[in-house]
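Asker: Make a model of this:
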Amino acid sequence: MSSPTILPNAENTSTQRGRWMVIIFNNDHNSVDEVVAILMHATACDLQEAIIETWEADTFGKASVHFSTKPECHRVAKSFRRSA
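Answerer: Reported below is the predicted structural model:
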């Protein structure tokens, strides 16, 4: 899986607080089952949400999968990197 991207909310880019997001991108290296499992582990989402986010990444090329603070988004992104 490509490295996830973490984007700050345009209104609050200078602090650790605020709303940040993790985006995953589609690739040809990970299976659907792998992506679903990684999503469930990294974001603590349920199976249905992981399937929807995986479908979105596969269909549109990317998917926003987690919204939180900067430190939390970095934690989630690191989970993706370790699992890829």
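
Asker: going forward, measure contacts between C-alpha atoms and count neighbours the same way
Answerer: OK.

Asker: burial count for Phe25?
Answerer: By the criterion of other C-alpha atoms under 10 Å, Phe25 has 18 neighbours.

Asker: where does this protein have low pLDDT?
Answerer: Counting by pLDDT under 70, the chain has low-confidence residues at 1-18, 83-84.

Asker: Helices along that one, start to end?
Answerer: Secondary structure of the chain by DSSP state H: the helices cover 32-43, 47-60, 70-83.

Asker: closest to Arg19 out of those?
Answerer: For these, the distance to Arg19 is smallest for helix 70-83, at 7.5 Å, taking C-alpha to C-alpha.

Asker: ok, Arg19 touching His66?
Answerer: No - using C-alpha atoms under 8 Å, Arg19 is not in contact with His66; the gap is 9.8 Å.

Asker: And these two? Which one has more around it.
Answerer: Here Arg19 and His66 are set side by side on neighbour count (other C-alpha under 10 Å), and the busier one is His66, at 23 against 18.

Asker: contacting residues for the more buried one?
Answerer: By C-alpha atoms under 8 Å, 6 or more residues apart in numbering, His66 lies in contact with Met21, Val22, Ile23, Thr43, Cys73, Val76.
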